[in-house]
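1. Provided below for reference: sequence and predicted model.
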Amino acid sequence: CAHRVAVAGPFISGRFDQLQRNIPYRAFGEAFQSLVRQLLTESEVQLEVWRQKLRQALGTNGQVIVDVIPHLTMILGPQPPAPELEPAAAQNRFRLLFQNFIRVFCQPGHPLVIFLDDLQWADAASLKLVEWMLADEDVSNLLLLGAYRSHEVDETHPLMNTVNTLKKEMATAVNQIELAPLKLPHITDLIADTVHQAPAAVKLLANLVSSKTQGNPFFVRQFLL
(Lines give C-alpha, C1' and ligand atoms only; values in the text may rest on other atoms or scores of the structure.)
Protein backbone atom coordinates (compact mmCIF):
# COMPACT_ATOMS: atom_id res chain seq x y z
CA CYS A 1 0.00 0.00 0.00
CA ALA A 2 1.69 3.21 -1.02
CA HIS A 3 1.51 6.95 -1.19
CA ARG A 4 3.87 8.84 -3.50
CA VAL A 5 7.55 8.26 -2.78
CA ALA A 6 10.40 10.60 -3.72
CA VAL A 7 14.10 9.88 -3.17
CA ALA A 8 15.97 7.67 -0.72
CA GLY A 9 14.99 7.93 2.93
CA PRO A 10 14.89 5.84 6.12
CA PHE A 11 13.69 2.24 5.99
CA ILE A 12 12.15 0.85 9.19
CA SER A 13 10.50 -2.47 9.93
CA GLY A 14 8.40 -4.19 12.56
CA ARG A 15 6.88 -7.63 12.98
CA PHE A 16 3.60 -8.78 14.48
CA ASP A 17 3.82 -11.68 16.92
CA GLN A 18 1.23 -14.43 17.21
CA LEU A 19 1.71 -14.59 20.98
CA GLN A 20 1.50 -10.83 21.51
CA ARG A 21 -1.59 -9.93 19.54
CA ASN A 22 -3.02 -8.33 22.68
CA ILE A 23 -0.45 -5.51 22.43
CA PRO A 24 -1.87 -2.75 20.19
CA TYR A 25 0.44 -1.26 17.57
CA ARG A 26 3.27 -3.65 18.49
CA ALA A 27 4.90 -3.76 15.03
CA PHE A 28 4.54 0.00 14.59
CA GLY A 29 6.21 0.56 17.95
CA GLU A 30 9.07 -1.74 16.98
CA ALA A 31 9.52 -0.01 13.63
CA PHE A 32 9.55 3.52 15.02
CA GLN A 33 11.84 2.52 17.88
CA SER A 34 14.40 1.73 15.18
CA LEU A 35 13.75 5.11 13.54
CA VAL A 36 14.43 6.86 16.84
CA ARG A 37 17.71 4.94 17.14
CA GLN A 38 18.65 6.16 13.65
CA LEU A 39 17.90 9.76 14.62
CA LEU A 40 20.06 9.46 17.73
CA THR A 41 23.10 8.80 15.52
CA GLU A 42 22.77 12.22 13.88
CA SER A 43 24.63 15.35 14.98
CA GLU A 44 23.31 17.29 17.95
CA VAL A 45 22.42 20.16 15.62
CA GLN A 46 20.28 17.92 13.40
CA LEU A 47 18.82 16.12 16.41
CA GLU A 48 17.68 19.46 17.80
CA VAL A 49 15.87 20.13 14.51
CA TRP A 50 13.98 16.84 14.87
CA ARG A 51 13.30 17.58 18.53
CA GLN A 52 11.65 20.91 17.73
CA LYS A 53 9.59 19.41 14.89
CA LEU A 54 8.35 16.60 17.13
CA ARG A 55 7.51 18.93 19.99
CA GLN A 56 5.55 21.16 17.63
CA ALA A 57 3.68 18.13 16.21
CA LEU A 58 2.82 16.54 19.57
CA GLY A 59 2.42 19.55 21.84
CA THR A 60 1.72 18.61 25.46
CA ASN A 61 0.41 15.15 24.53
CA GLY A 62 3.72 13.52 23.66
CA GLN A 63 3.19 10.79 26.26
CA VAL A 64 0.41 9.32 24.09
CA ILE A 65 2.99 8.47 21.41
CA VAL A 66 5.72 7.65 23.95
CA ASP A 67 3.46 4.90 25.30
CA VAL A 68 3.85 3.19 21.91
CA ILE A 69 7.43 4.33 21.16
CA PRO A 70 9.25 4.53 24.54
CA HIS A 71 12.63 5.42 22.98
CA LEU A 72 11.08 8.74 21.93
CA THR A 73 11.84 10.10 25.41
CA MET A 74 15.53 9.98 24.46
CA ILE A 75 14.77 12.81 22.01
CA LEU A 76 11.87 14.63 23.68
CA GLY A 77 12.76 14.07 27.30
CA PRO A 78 10.19 13.11 29.99
CA GLN A 79 6.61 13.94 29.02
CA PRO A 80 3.72 15.01 31.28
CA PRO A 81 0.97 12.43 31.74
CA ALA A 82 -1.75 12.63 29.12
CA PRO A 83 -5.23 13.54 30.39
CA GLU A 84 -7.59 10.59 30.80
CA LEU A 85 -10.31 10.45 28.13
CA GLU A 86 -13.24 8.22 27.24
CA PRO A 87 -12.20 5.35 24.90
CA ALA A 88 -13.62 6.93 21.73
CA ALA A 89 -12.05 10.31 22.48
CA ALA A 90 -8.74 8.67 23.39
CA GLN A 91 -8.73 6.82 20.06
CA ASN A 92 -9.39 10.05 18.14
CA ARG A 93 -6.60 11.77 20.06
CA PHE A 94 -4.16 8.99 19.25
CA ARG A 95 -5.15 9.12 15.58
CA LEU A 96 -4.55 12.86 15.32
CA LEU A 97 -1.27 12.71 17.23
CA PHE A 98 0.08 9.78 15.24
CA GLN A 99 -0.80 11.51 11.98
CA ASN A 100 1.04 14.62 13.19
CA PHE A 101 3.95 12.43 14.27
CA ILE A 102 4.35 10.58 10.99
CA ARG A 103 4.03 13.77 8.91
CA VAL A 104 7.28 14.92 10.52
CA PHE A 105 9.14 12.11 8.74
CA CYS A 106 7.23 12.01 5.43
CA GLN A 107 8.47 15.12 3.69
CA PRO A 108 9.69 15.94 0.18
CA GLY A 109 13.31 14.87 0.01
CA HIS A 110 12.83 12.78 3.17
CA PRO A 111 10.42 9.92 2.39
CA LEU A 112 9.75 7.06 4.78
CA VAL A 113 9.48 3.34 4.00
CA ILE A 114 7.78 1.10 6.59
CA PHE A 115 7.82 -2.69 6.33
CA LEU A 116 5.36 -4.67 8.48
CA ASP A 117 5.86 -8.43 8.61
CA ASP A 118 3.38 -11.19 9.56
CA LEU A 119 0.30 -9.05 9.01
CA GLN A 120 -1.83 -12.16 9.46
CA TRP A 121 -1.32 -11.61 13.21
CA ALA A 122 -1.97 -7.87 13.23
CA ASP A 123 -4.31 -6.57 15.92
CA ALA A 124 -7.44 -4.64 15.01
CA ALA A 125 -6.01 -1.32 16.23
CA SER A 126 -2.95 -1.67 13.98
CA LEU A 127 -5.07 -2.44 10.93
CA LYS A 128 -7.16 0.63 11.63
CA LEU A 129 -3.96 2.64 11.96
CA VAL A 130 -2.92 1.48 8.48
CA GLU A 131 -6.19 2.86 7.13
CA TRP A 132 -5.70 6.16 8.96
CA MET A 133 -2.15 6.59 7.67
CA LEU A 134 -3.01 5.94 4.05
CA ALA A 135 -6.24 7.95 4.15
CA ASP A 136 -4.43 11.06 5.36
CA GLU A 137 -4.11 13.37 2.34
CA ASP A 138 -1.48 15.39 4.20
CA VAL A 139 0.84 12.37 4.35
CA SER A 140 2.89 11.95 1.19
CA ASN A 141 6.32 10.48 0.50
CA LEU A 142 5.34 7.32 2.37
CA LEU A 143 5.65 3.72 1.23
CA LEU A 144 4.04 1.05 3.38
CA LEU A 145 5.01 -2.55 2.64
CA GLY A 146 3.32 -5.51 4.29
CA ALA A 147 3.86 -9.25 4.18
CA TYR A 148 1.54 -12.05 5.29
CA ARG A 149 1.16 -15.80 4.96
CA SER A 150 -1.54 -16.26 2.38
CA HIS A 151 -2.49 -19.73 3.59
CA GLU A 152 -3.47 -18.19 6.95
CA VAL A 153 -5.61 -15.41 5.46
CA ASP A 154 -8.96 -15.88 3.72
CA GLU A 155 -11.46 -13.34 2.40
CA THR A 156 -13.09 -12.99 5.83
CA HIS A 157 -9.82 -12.20 7.60
CA PRO A 158 -9.63 -8.66 9.07
CA LEU A 159 -6.52 -7.97 7.00
CA MET A 160 -8.46 -8.56 3.77
CA ASN A 161 -11.19 -6.23 5.01
CA THR A 162 -8.54 -3.54 5.46
CA VAL A 163 -7.06 -4.14 2.00
CA ASN A 164 -10.52 -4.04 0.39
CA THR A 165 -11.35 -0.82 2.22
CA LEU A 166 -8.15 0.79 0.95
CA LYS A 167 -8.94 -0.30 -2.59
CA LYS A 168 -12.57 0.81 -2.62
CA GLU A 169 -12.79 3.89 -0.45
CA MET A 170 -9.40 5.57 -0.62
CA ALA A 171 -7.33 7.05 -3.41
CA THR A 172 -4.37 4.92 -2.38
CA ALA A 173 -2.33 2.80 -4.74
CA VAL A 174 -2.58 -0.79 -3.49
CA ASN A 175 -0.49 -3.48 -5.14
CA GLN A 176 -0.51 -7.15 -4.19
CA ILE A 177 2.32 -9.46 -5.20
CA GLU A 178 2.12 -13.19 -4.65
CA LEU A 179 5.56 -14.66 -4.10
CA ALA A 180 6.10 -17.95 -5.94
CA PRO A 181 8.63 -20.61 -4.86
CA LEU A 182 12.21 -20.07 -5.94
CA LYS A 183 13.19 -22.07 -9.00
CA LEU A 184 16.40 -24.10 -9.20
CA PRO A 185 18.37 -21.41 -11.11
CA HIS A 186 17.45 -18.86 -8.45
CA ILE A 187 18.51 -21.17 -5.63
CA THR A 188 21.75 -21.92 -7.46
CA ASP A 189 22.53 -18.22 -7.85
CA LEU A 190 21.65 -17.54 -4.22
CA ILE A 191 23.96 -20.27 -2.93
CA ALA A 192 26.77 -19.37 -5.34
CA ASP A 193 26.62 -15.75 -4.22
CA THR A 194 26.51 -16.75 -0.55
CA VAL A 195 29.58 -19.00 -0.65
CA HIS A 196 31.44 -16.98 -3.31
CA GLN A 197 31.64 -19.81 -5.80
CA ALA A 198 30.70 -20.29 -9.45
CA PRO A 199 27.16 -21.68 -10.03
CA ALA A 200 28.60 -24.92 -11.45
CA ALA A 201 30.48 -25.52 -8.19
CA VAL A 202 27.28 -25.53 -6.10
CA LYS A 203 25.05 -27.45 -8.49
CA LEU A 204 24.77 -30.58 -6.32
CA LEU A 205 24.00 -28.57 -3.19
CA ALA A 206 21.44 -26.45 -5.04
CA ASN A 207 19.65 -29.57 -6.28
CA LEU A 208 19.54 -30.93 -2.74
CA VAL A 209 18.20 -27.67 -1.30
CA SER A 210 15.58 -27.42 -4.04
CA SER A 211 14.44 -30.98 -3.42
CA LYS A 212 14.23 -30.57 0.36
CA THR A 213 12.52 -27.16 0.43
CA GLN A 214 10.43 -27.08 -2.77
CA GLY A 215 11.76 -23.57 -3.29
CA ASN A 216 10.15 -22.01 -0.23
CA PRO A 217 12.51 -19.06 0.55
CA PHE A 218 12.11 -19.39 4.32
CA PHE A 219 12.79 -23.12 4.20
CA VAL A 220 15.77 -22.55 1.91
CA ARG A 221 17.32 -20.20 4.45
CA GLN A 222 16.60 -22.49 7.38
CA PHE A 223 17.90 -25.57 5.57
CA LEU A 224 21.13 -23.80 4.66
CA LEU A 225 21.60 -22.67 8.26
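-> Now that the structure is in, tell me what you want to look at.

2. can you find the helix or strand in this structure with the smallest mean pLDDT?
-> Between all helices and strands in the chain, the lowest mean by mean pLDDT, DSSP states H and E belongs to helix 158-169, at a mean of 88.

3. after it, which helix or strand is next?
-> Following helix 158-169 in sequence order, the next helix or strand is helix 184-195 (DSSP states H and E).

4. just the buried residues of that following helix, please?
-> Applying a neighbour-count criterion of 16 or more other C-beta atoms under 10 Å, one finds 187, 188, 190, 191, 192 buried in helix 184-195. All C-beta spots, glycine's among them, are computed from the backbone N, C-alpha and C.

5. same thing with stretch 217-225?
-> Judged by neighbour count (16+ other C-beta under 10 Å), stretch 217-225 contains these buried residues: residue 220.

6. now do that stretch: everything it contacts.
-> With contact meaning C-beta atoms under 8 Å, 6 or more residues apart in numbering, stretch 217-225 is reached by 179, 181, 182, 187, 190, 191, 194, 209, 212, 213.

7. next one: stretch 38-45
-> Outside stretch 38-45, the residues within contact range by C-beta under 8 Å, 6+ apart are 10, 12, 47, 50, 74, 75.

8. quote the end-to-end distance of that stretch.
-> Between the opening and closing residues of stretch 38-45 lies a distance of 15 Å (C-alpha to C-alpha, to the nearest Å).

9. any idea what residue 12 is bridged to?
-> Residue 12 forms beta bridges with residue 114, as assigned by DSSP bridges.

10. right, I'll leave it there.
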